[in-house]
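Peer 1: here is a sequence with its predicted model. Questions after.
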Amino acid sequence: MARVRPRRIGWWLIGGLAALAIIVIGGAWLYIHVIEGPAPAPLSLKATVSSGTATSGTATSGTGAGTWRVATGSVVGYRVNEVLAGQNNVAVGRTSAISGTMTISGTTVTAASFTVQMATIKSDQSERDTQFNGRIMDTATYPTGTLTLTSPIALGSLPGDDVVRTLHATGNLTLHGHTRSVTFTLQAERTAAGIEVSGSIPVLFADWGIANPSFGSFVTTQDHGLLEFLIRFGRS
């Protein structure tokens, strides 16, 4: 019987591993770009942004003063860049399980507080959601995330309907049982139905004691992500 030379076995082994790598990478590419498709676009308002006093749009009715409550259509979630089997991907999870209020006195937002039910945040992958609810966010121990305004927001002159204003806010963000001060930019607009606010907050995982979402060598992520929000308010 002819003996198979060790060198030939080595080449077969290398070829087999290369073929396996091609299958894994090709499968990941197919899943991300064909089966899964592109990640949802970042949450944002639809109207044109105006950083100063409104110069267009219909006249605003009323002063906006009073208490406003989170309404149907509000969305909060995360956006994290990841590498899946060598392929770049964007992981996005979202929920509409949000409650909270905002108080306006004159042309100043004097108070605002929001609560999100963390276990309701879902992505397009059940395996990712299992990791999110377990080792990453431990939603059984820390079921809610909260954001509370700590400094008033001066609105200046109230814009007309469907004109977006860029504003800056400071608040306390509580995630995974840790609370830290955050300052971020947001966009706000007055609509016929109420008020809409959108923006994002950078989250460095270590600052909130959150485990890096990476899973072995198959899925690796950056050490930070974005908390995205689109909040719609109606009169309380």
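Peer 2: Cool, the structure landed.
Peer 1: and the closest residue in space to Val90 that isn't next to it in sequence, how many neighbours?
Peer 2: Of all residues not flanking Val90 in the chain, Ala39 sits nearest, at 3.8 Å (C-beta to C-beta, 6 or more residues apart in numbering). Where you see a C-beta, it was placed from the backbone N, CA and C, and this is true even at glycine. Counted with other C-beta atoms under 10 Å, residues neighbouring Ala39 total 15.
Peer 1: OK, contacts around Ala39?
Peer 2: Listed by C-beta atoms under 8 Å, 6 or more residues apart in numbering, the contact partners of Ala39 are Arg79, Asn89, Val90, Ala91, Val92.
Peer 1: scan those residues and report the most crowded one.
Peer 2: Val92 (22 neighbours).
Peer 1: could you pull up phi and psi at that residue?
Peer 2: For Val92, the backbone dihedrals (degrees, to the nearest 10) come out as phi -130, psi 130.
Peer 1: per-residue confidence for it?
Peer 2: Reading off the confidence values, Val92 has pLDDT 96.
Peer 1: partners of it in the sheet?
Peer 2: Assessed by DSSP bridges, Val92 has beta-bridge partners Arg79.
Peer 1: and what of the one 10 residues further on?
Peer 2: Beta-bridge pairing of Met102, defined through DSSP bridges, involves Trp68, Ala112.
Peer 1: quick one, helices of this structure?
Peer 2: Counting by DSSP state H, the chain has helices at residues 6-30, 126-131.
Peer 1: which of those comes out lowest on mean pLDDT?
Peer 2: Per-stretch mean pLDDT for the helices of the chain is lowest at helix 6-30 (a mean of 45).
Peer 1: can you pull the pLDDT of Ser61?
Peer 2: Note for Ser61: predicted pLDDT of 44.
Peer 1: go on, Asn172?
Peer 2: For Asn172, pLDDT reads 98.
Peer 1: identify the bridge partners of it.
Peer 2: Bridge pairing for Asn172 - DSSP bridges - gives Thr148, Ser181.
Peer 1: just give the number of residues close to it.
Peer 2: If we define neighbours as other C-beta under 10 Å, then Asn172 has 14 of them.
Peer 1: of all residues in the chain, which one is nearest the centre?
Peer 2: Centroid-nearest residue in the chain, with C-alpha atoms, centre = their mean: Tyr78, separated by 2.5 Å.
Peer 1: that one contacts Phe229, doesn't it?
Peer 2: No - with contact defined as C-beta atoms under 8 Å, Tyr78 does not reach Phe229; the gap is 10.4 Å.
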